[in-house]
Every structure is written in structure tokens, then in C-alpha cells.
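S.K.: My questions concern the predicted model and sequence given below.
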Amino acid sequence: MAARGVIILLIVTTAPCQALIARRNGCFNPCKRRNGISAVPNLDFRNRISTFDFIHASSLHKSSSSSSYKAHLLASSSSSDEAKEPLNIIYTIQVIIGQALLIPIAFIFASVLHTPTYGLEVPENNDFIVQGIVATTPLLAMAASLDSLEKYSSELQGVTRASLRSVLYLFGKSRKIFIAIFVSLLISIAAGFGEEIMFRGVLLTQVLSFLQSQSSAAPWLDVAWISGIHIDEWIAILISSILFGAVHLITFTYAAIATIAGVYFGYLEVSHDHSLAVPIVTHSLYDFVALLYAHFVVTNMTNKERQDLMKENE
């Protein structure tokens, strides 16, 4: 139990670290006001991306981008110049490695905590891919709902623009369809596996194990509740989701949205016999679609809109 407590404490302490990194990179409060005027300008509807379209903006921020690359993004250019635009290779590799590192870290935590099979059992029905694809629908519906509310909230607009700025640093201002598909696939798979193993496979499982050990003293924990999921399972889902939201603390709104997503991923894990197969597919697919969509939104912007987007972070 002592080792378990130490590891869980380490997981918890990553939250303020993520917040400090985000604040250092200038994305903690993208809606900050300058001289009493909001720093978030209005964009045409076709150039907006839903707030929930990208959950990993903190890891895709510009901390490792060179000043010369930023100058390139700020510069006006013709369509022929954009066609020759190179990919920011170093930054792209750093992003992919940063996401992929979460996988071995999650496995180390799982091994130390003796988490059984790390939640990676393949369901017996073998249709988890189809189930994962279908389960992406509510997330897309949530994104659409937030998109409709975004015009009423500068906070939502700010989170959206932080995400767009991150994708602009990642892929640049010209459309790179095949490269964007390949890189988005790598990032999405790494995030899907790493975050689901860490937060649902390890953290949720450990919290649930602790609660189940207390069932004799608190029998109400074992009572089936919403959707037939027991109260102790819902508590474990909520705790792991709050921590999932905390490590996405770019803004409080962003963290709240990530927490809601975490509850949904936790529900998928518990409702599928504690297998991570479905939530991994859902998580990866949603991130993949969101990254590509953001890339198309950024490349549809005018040079002036992209320049305004970049200058907001100065």
C-alpha cells in the first residue's frame, strides 16, 4: 500500500507541473486582456475549430519551436511559397516522442502497482474496433455542441485558438495531407494507448481496488447504480477523470472539458468488462480526426488571420 500511495502521489503531482509548463509557454490563459480589450478576435465560422477538437494542446505548444520558424509562420507568403514550406521536423519528432514516452511510463507504473494485464485484454467478441468507432459519436456531438456555444464564451474561443496555434506550429501554414495523416496517426495512437493505460488501466483500477477493499465497512459501495455500474466504479471513474483533467490544465475550462472526456473514457472501460480496447480505439480515433480537422482549419485561414493567431501569444 505504501508503494501504491507513492505512485499515485507522483501521478497527482504531474498536474501542477503541466500547469507550470503551460503557463511558461504562454497558453495558460489565452483569453488574457490587453489594455482592457479581449485578445481573442472574431473569426469567420469556417475558420473556427471546436474547443474540444483537440485535447493535447499543451503538449503541442511552441516551447521547442525556433524563433526562425515562428518568423516564417508570421511572414506573408504566396501560394507557391506555401507549397514549398518544409515541415518543422525537430518539433514534430519531439511531439511524437513526448506522447510516446507516456506508454513506457504507464507500463512502469502498471508493473510497480501489479495492475493485472494493464487493462489490455482483448474482448471475447472481437468487435471492439467497431464499438470504438461508434463510441466516438458522442464526443463528436459534444464538439459540435461546444462549437455552437463558443460565440458566447471568450474562454471557449481562447482554448480553441490555443489549439489552432499548436497545430499551426506542428504542421505549418500550408496543407500537407499525407504528412498530416501520418503524423496525426502516430500522435493519436501514442496518446490513445499511453493516456488510457495510465489513467484508466492503472489509476482507475487502483482506486477501484482500494474502494472494493473497503466494501465490508461500506457495503453501499457495491450497489449497482447508473447503467448498472456500481457506486465504487463511478467513484473510481470520477477520481481518475479529475486527475486526467488536471494534467490538461491549460485553462480551467480546458481542464473541465478534459474531465468530462475522462468520465466518458472511464465509462467505456468499466462497461466493457474493464478492457481498454474500446476506449483506446475511441480516444485514438477522436484525436486523429481532431488533429486533421484542425490542420484543415488552419490552412483555410488567411495570412492575416494566422498572423493574428501567432501574435496573441507574444
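M.R.: Perfect, I can see it now. Numbers count the residues shown, from 1 in each chain.

S.K.: Export the helix or strand containing Leu186 to CSV, keeping only CA atoms.
M.R.: Element membership for Leu186 (DSSP states H and E) is helix 177-195. Provided in CSV are the C-alpha atoms of helix 177-195 (Å, rounded to 0.1, in the frame of the first residue of the first chain):
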residue,chain,number,x,y,z
ILE,A,177,-2.4,16.0,-46.4
PHE,A,178,-0.2,12.8,-46.4
ILE,A,179,2.2,14.1,-43.8
ALA,A,180,-0.6,15.3,-41.6
ILE,A,181,-2.3,11.9,-41.8
PHE,A,182,0.9,10.1,-40.9
VAL,A,183,1.9,12.3,-38.1
SER,A,184,-1.6,12.6,-36.7
LEU,A,185,-1.9,8.8,-36.7
LEU,A,186,1.4,8.4,-34.7
ILE,A,187,0.4,11.1,-32.2
SER,A,188,-3.2,9.8,-31.8
ILE,A,189,-2.1,6.1,-31.3
ALA,A,190,0.5,7.2,-28.8
ALA,A,191,-1.9,9.3,-26.9
GLY,A,192,-4.7,6.7,-27.0
PHE,A,193,-2.5,3.9,-25.7
GLY,A,194,-0.5,6.0,-23.2
GLU,A,195,-3.2,8.0,-21.6
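
S.K.: Could you list the residues in contact with it?
M.R.: Counting by C-beta atoms under 8 Å, 6 or more residues apart in numbering, helix 177-195 makes contact with 55-56, 87, 92, 95-96, 99-103, 105-106, 170-171, 244, 280-281, 283-285, 287-288, 291-292, 295, all of which sit outside it. Yep, even glycine has a C-beta here, placed from its N, CA and C like the rest.

S.K.: List buried residues within those.
M.R.: Those of the contacts of helix 177-195 that meet the buried threshold are 55-56, 92, 95-96, 99-100, 102-103, 105-106, 170-171, 244, 280-281, 283-285, 287-288, 291-292, 295, by 16 or more other C-beta atoms under 10 Å.

S.K.: taking those residues one by one, which sit in helices?
M.R.: 92, 95-96, 99-100, 102-103, 105-106, 170-171, 244, 280-281, 283-285, 287-288, 291-292, 295 (DSSP state H).

S.K.: avg pLDDT for the host helix or strand of Tyr254?
M.R.: Secondary structure from DSSP H and E places Tyr254 in helix 252-271. Mean per-residue pLDDT for helix 252-271: 92.

S.K.: pLDDT score for the closest residue to Gly194 other than its chain neighbours?
M.R.: Nearest-residue entry for Gly194: Leu102, 3.1 Å, with adjacent residues in sequence omitted and distances by C-beta to C-beta, 6 or more residues apart in numbering. Leu102 is assigned 85 on the pLDDT scale.

S.K.: Repeat that for Glu233.
M.R.: Glu233 carries a pLDDT score of 93 in this model.

S.K.: And Gly228, by the same measure?
M.R.: For Gly228, pLDDT reads 82.

S.K.: Look up how far Ser271 lies from it.
M.R.: Distance of Gly228 to Ser271, given as C-beta to C-beta, to the nearest Å: 8 Å.

S.K.: So for the two, which sits in the more crowded spot?
M.R.: Using other C-beta atoms under 10 Å, the more surrounded residue of Gly228 and Ser271 is Ser271, with 16 against 9.

S.K.: Isn't the more buried one up against Ile229?
M.R.: Yes. In this structure Ser271 lies within contact range of Ile229 using C-beta atoms under 8 Å: 6.7 Å.

S.K.: Do a quick rundown of the helices in the stretch 101-250 of the chain.
M.R.: 102-112, 128-135, 137-149, 154-171, 177-195, 205-213, 231-246 (DSSP state H, counting those that start in this stretch).

S.K.: Generate JSON lines for these, with distance to Asp222 as supplementary columns.
M.R.: Compiled in JSON lines, the helices of the stretch 101-250 of the chain are given as follows (distance: least, C-beta to C-beta, whole Å):
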{"stretch": "helix 102-112", "distance to Asp222": "25"}
{"stretch": "helix 128-135", "distance to Asp222": "26"}
{"stretch": "helix 137-149", "distance to Asp222": "28"}
{"stretch": "helix 154-171", "distance to Asp222": "39"}
{"stretch": "helix 177-195", "distance to Asp222": "28"}
{"stretch": "helix 205-213", "distance to Asp222": "8"}
{"stretch": "helix 231-246", "distance to Asp222": "6"}
